[in-house]
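Peer 1: Provided below are the primary sequence and the corresponding predicted coordinates.
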Amino acid sequence: MKKRKTRKRPTQEPDERVERSKRAVLKTAYELLTESGLNGVSVDEVSRRSGVAKTTIYRHWASREALLLDACSQLSTRPPVPDTGKLKTDLESLATGAAIRIQQPWSTVLPSIVDAAERDKDIAELQSRIHAQMRGAFVTVIERAQARGEFPATADAREIVACILGPILYRRFFSREPLDEAFAKKVIDRALRKPD
């Protein structure tokens, strides 16, 4: 009787296993960040929840801080740049999006990043990148409106952005009043109002 040849299952490539483990670790670290901020992320908890051994985590990230920086880099703060042809509607779209994002997951993560940035230069650099990404789309639509003559060329785009994001951040983190589309539109009206 002939022996049946058994087909060997293709073994998973080591690189594929490594990438899958890294993705699981980053996904778990990101989830912990959004739940509890930077202080809620420990290598022990990431290992427990992801099922990836601590030794494997430390093989790819030399420290908890390195893992945090990598996980934070997944926080997408760069909104798409709208182009409706009108400055006001572009800014309303961006402000409404910012008001939504600042409620979840940003409401937990952002304050912990701002706090840690006071003591850690790497987190400070991360905060700076997040800030630049957050305001970048606003600056783009303002400068585009200036180029087409819709908005005064002498206006400082960064100051206008501060006039928009400031009230949104204040309402979320200090007054804790509702953040909705109507509020975002009022903020835009005030930011674009010409001084008397």
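Peer 2: Okay, I see it.

Peer 1: Next one: the residue nearest to residue 172 when sequence neighbours are not counted from residue 79, what distance?
Peer 2: Sequence neighbours aside, residue 102 is the residue nearest to residue 172 in space, at 4.8 Å (criterion: C-beta to C-beta, 6 or more residues apart in numbering). C-beta coordinates here come from the backbone N, C-alpha and C atoms, glycine included. Computed with C-beta to C-beta, to the nearest Å, the distance linking residue 102 and residue 79 is 12 Å.

Peer 1: What of residue 31?
Peer 2: Distance from residue 31 to residue 79, counting by C-beta to C-beta: 22 Å.

Peer 1: Check the secondary structure at the residue most central in space within the chain for me.
Peer 2: Central residue of the chain (C-alpha atoms, centre = their mean): residue 75, 3.1 Å from the mean position. Counting by DSSP: H, G, I helix; E, B strand; the rest coil, the backbone at residue 75 sits in coil.

Peer 1: got a list of what it touches?
Peer 2: 30, 33, 105, 106, 109, 130 (C-beta atoms under 8 Å, 6 or more residues apart in numbering).

Peer 1: Count the residues that sit near residue 94.
Peer 2: Using other C-beta atoms under 10 Å, residue 94 has 26 neighbouring residues.

Peer 1: show me the residues around it that make contact.
Peer 2: 79, 82, 137, 138, 141, 164.

Peer 1: The residues you listed: which two are farthest apart?
Peer 2: 82 and 164 (13.9 Å; C-beta to C-beta).

Peer 1: okay, these two: which has more neighbours?
Peer 2: The residue with more neighbours, out of residue 82 and residue 164, is residue 164; 24 against 17, by other C-beta under 10 Å.

Peer 1: Going by secondary structure, the more buried one is in what exactly?
Peer 2: helix 157-170 (DSSP states H and E).

Peer 1: any chance of the contacts of residue 94 in TSV, with pLDDT and distance to residue 118 too?
Peer 2: Formatted as TSV, these follow (pLDDT from 0 to 100; distance: C-beta to C-beta, whole Å):
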residue	pLDDT	distance to residue 118
79	81	26
82	94	34
137	93	27
138	96	25
141	96	31
164	96	25
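
Peer 1: For those residues, give me a markdown table that also has secondary structure and distance to residue 71.
Peer 2: As requested, these are exported to a markdown table (DSSP: H, G, I helix; E, B strand; the rest coil; distance: C-beta to C-beta, whole Å):
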| residue | secondary structure | distance to residue 71 |
| --- | --- | --- |
| 79 | coil | 20 |
| 82 | coil | 29 |
| 137 | helix | 23 |
| 138 | helix | 26 |
| 141 | helix | 30 |
| 164 | helix | 28 |
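
Peer 1: What about residue 96, how many residues nearby?
Peer 2: Quick note: residue 96 (other C-beta under 10 Å) scores 20 neighbours.

Peer 1: which ones are touching it?
Peer 2: 181, 184, 185.

Peer 1: Can you tell me how far the second one is from residue 88?
Peer 2: The spacing between residue 184 and residue 88, counted by C-beta to C-beta, is 12 Å.
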